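**Student:** Using only what follows, build the 3D model:
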Amino acid sequence: MKKSPATSENSDTDAARLIDARIADLGDWRGETLARVRALIHQAVPEVVEEWKWRGTPVWSCAGMICTGETYKTYVKLTFAKGASLDDPKGLFNSSLEGNTRRAIDIHEDAQIDEAALKALVTAAAALNAVKKPARSKKA
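**Tutor:** Sure thing, here's the model as predicted:
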């Protein structure tokens with residue numbers, strides 16, 4: 001695999017190009033899966049911003065991080081930054097379940113993606129990011 005550029009390359013265009021390259025470099029079911037979930041993320045939140053962080057991790061954001069898309073030898077992992085705060089009625093989250101903040105979906109080679117449920121999670125994550133917490137008042 002090609003060496004990843006520095007993380008400073010974070011314009012949406014540069015990130016999109018780097019994600020395209022990652023998908024092409026994988027050249028197998030993991031690339032196809034990453035491309036499919038990427039398309040679903042864009043369908044769910046058309047204004048999503050693509051980023052490239054941590055020396056080669058695709059990140060999708062909208063008013064904050066929605067999720068990352070990591071590829072491993074036997075699965076593609078979507079890690080939702082605030083997944084523990086999201087309702088998951090279809091039970092998509094199957095990894096990182098013990099934490100208080102993140103939740104993840106490990107997608108294995110022959111897994112069927114519940115596209116409607118995934119898009120609902122992405123939409124909910126973006127909506128959660130859009131909710132601003134009230135500013136803390138300073139005590140005199």
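**Student:** Pull out the buried residues from stretch 32-49.
**Tutor:** Within stretch 32-49, the residues that qualify as buried by neighbour count (16 or more other C-beta atoms under 10 Å) are 33-38, 40-41, 44-45, 48-49. For glycine as for every other residue, the C-beta is placed from the backbone atoms N, C-alpha and C.
**Student:** avg pLDDT for stretch 114-131?
**Tutor:** Stretch 114-131 shows a mean pLDDT of 97.
**Student:** any low-confidence regions in this structure?
**Tutor:** Applying pLDDT under 70 to the chain flags residues 1-12, 133-140.
**Student:** so where do the strands sit in it?
**Tutor:** With DSSP state E as the criterion, the chain has strands at 49-53, 57-61, 65-71, 75-80, 103-108.
**Student:** possible to save the ones you listed as CSV with distance to Ser96?
**Tutor:** As requested, the strands of the chain are exported to CSV (distance: least, C-beta to C-beta, whole Å):
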stretch, distance to Ser96
strand 49-53, 18
strand 57-61, 15
strand 65-71, 11
strand 75-80, 7
strand 103-108, 4
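**Student:** surely Glu47 meets Cys62?
**Tutor:** Yes - counting by C-beta atoms under 8 Å, Glu47 does reach Cys62; the two are 6.0 Å apart.
**Student:** what residues are up against Asn100?
**Tutor:** Ala84 (C-beta atoms under 8 Å, 6 or more residues apart in numbering).
**Student:** same thing with Arg102?
**Tutor:** Contacts of Arg102 by C-beta under 8 Å, 6+ apart are 79-84, 96.
**Student:** re earlier: show me which of the buried residues of stretch 32-49 is closest to Ala104.
**Tutor:** The nearest member of those to Ala104, counting by C-beta to C-beta, is Val37 at 12.3 Å.
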